[in-house]
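Undergrad: Okay, predicted coordinates and the sequence, questions at the end:
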Amino acid sequence: MFNVVRNGTTPVSLASRRKYDSEDVWEALNKVFHKKCYICETREPHDINVEHFVPHEGNEDLKFDWSNLNLSCSRCNNIKLVKYNDLLDCCDPNTDVIRAIKRLPPSTPYAKKLQIEAQLDDDKTKLTAELLDKVFNSKHTPNKAITSAFLRKKVFDQYNLLLEQLNRYYDPMALPEEKTIAVERIKLLLKPSSPYSSFISWCIIEDEELGPILKDFIGVAE
Ligand SMILES: [Zn+2]
């Protein structure tokens, strides 16, 4: 989960209240969510849905409300179901969904678990952390165990890109300009449009030297 700015105008097709997933809605959602599932942060997943953040249950206002439409992959959509309907809202500018939940990437490609930990004590944060734990660590069915292992490996691949830049930055032989380039590349990985940016963000938050340098690039929507 990452911070999103729902800027721009409401897709016109929603006004007619016939379809909530017309082409203009898809186009607008792809732009706002950077083609990422808002829950697992996979970019361009195999299967993606227009999801009602708060289930509409027949309520027409909620069904066609632009601010209630999110982009989520089928797997997350299926895990979320109705139990998780009071989550942190990644589109709320007053909620820093990155810092609210600590997430660390796996230490190896086949690590059994990712660390996911609520940093605040309110129900929304705790429920969102519980959902993320299920998405990344679930073993409750054989299928979910396989797909969550696949997901953890994808997070590791992204973490590997960060490690490359960290090695360049902390190389005792690094020249100032090489350090600058490494920092610029880390900024790319921190962008909400990059896959699994919340995990990369937490690596930087936890880093004593880079944390303060890059703090303004964490938890900001684009
Ligand atoms: Zn997902």
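TA: Sure thing, it's come through. Quick caveat: nothing in here was measured; it's all calculated off a predicted structure.
Undergrad: Are we agreed that Asn70 is in a strand?
TA: Yes. Asn70: assigned to a strand according to DSSP: H, G, I helix; E, B strand; the rest coil.
Undergrad: Find me the pLDDT at it, would you?
TA: At Asn70, the model reports a pLDDT of 96.
Undergrad: ditto for the one 3 residues further on
TA: What the model reports as pLDDT for Cys73 is 96.
Undergrad: so it sits right up against Asn49, yeah?
TA: Yes. Counting by Cβ atoms under 8 Å, Asn49 is a contact partner of Cys73 at 7.4 Å. Every residue, glycine included, has its C-beta placed from N, CA and C.
Undergrad: who's more crowded, the two?
TA: Counted by other Cβ atoms under 10 Å, Cys73 and Asn49 do not tie: Cys73 has more neighbours, with 24 against 17.
Undergrad: Quick check: the more buried one vs Asp123, distance?
TA: Separation of Cys73 from Asp123 (Cβ to Cβ, to the nearest Å): 25 Å.
Undergrad: How about the most centrally placed residue in the chain, nearest residue that isn't a chain neighbour?
TA: Closest residue to the average C-alpha location of the chain: Met1 at 2.9 Å, with Cα atoms, centre = their mean. Nearest non-adjacent residue to Met1, counting by Cβ to Cβ, 6 or more residues apart in numbering: Val97, 4.9 Å away.
Undergrad: again with Arg168
TA: Ala182 (4.3 Å).
Undergrad: which residues are contacting the strand or helix carrying that neighbour?
TA: With secondary structure defined by DSSP states H and E, Ala182 is part of helix 176-190. When contacts are defined by Cβ atoms under 8 Å, 6 or more residues apart in numbering, helix 176-190 is touched by residues 158, 161-162, 165-166, 168-169, 171, 174, 194, 197, 200-201, 204, 210, 213-214, 217-218.
Undergrad: now do 6 Å
TA: For helix 176-190, contacts defined as Cβ atoms under 6 Å, 6 or more residues apart in numbering pick out 162, 165, 168-169, 197, 200-201, 217.
Undergrad: Please pull up the helix or strand immediately following it.
TA: helix 197-205.
Undergrad: Output the contacting helices and strands for that next one.
TA: Judged by 3 or more Cβ pairs under 6 Å, 6 or more residues apart in numbering; DSSP states H and E, helix 197-205 is in contact with strand 101-104, helix 142-170, helix 176-190, helix 210-214.
Undergrad: which of the residues in that helix are buried?
TA: 197-205 (16 or more other Cβ atoms under 10 Å).
Undergrad: Specify the local secondary structure of the residue of the chain most remote from its centre.
TA: Most distant residue from the mean C-alpha position of the chain: Met173, 34.7 Å away (Cα atoms, centre = their mean). At Met173 the chain is in coil, as set by three-state DSSP.
Undergrad: list the contacts for it?
TA: Met173 is in contact with no residue at all, counting by Cβ under 6 Å, 6+ apart.
Undergrad: how near is it to Arg185?
TA: Separation of Met173 from Arg185 (Cβ to Cβ) stands at 18 Å.
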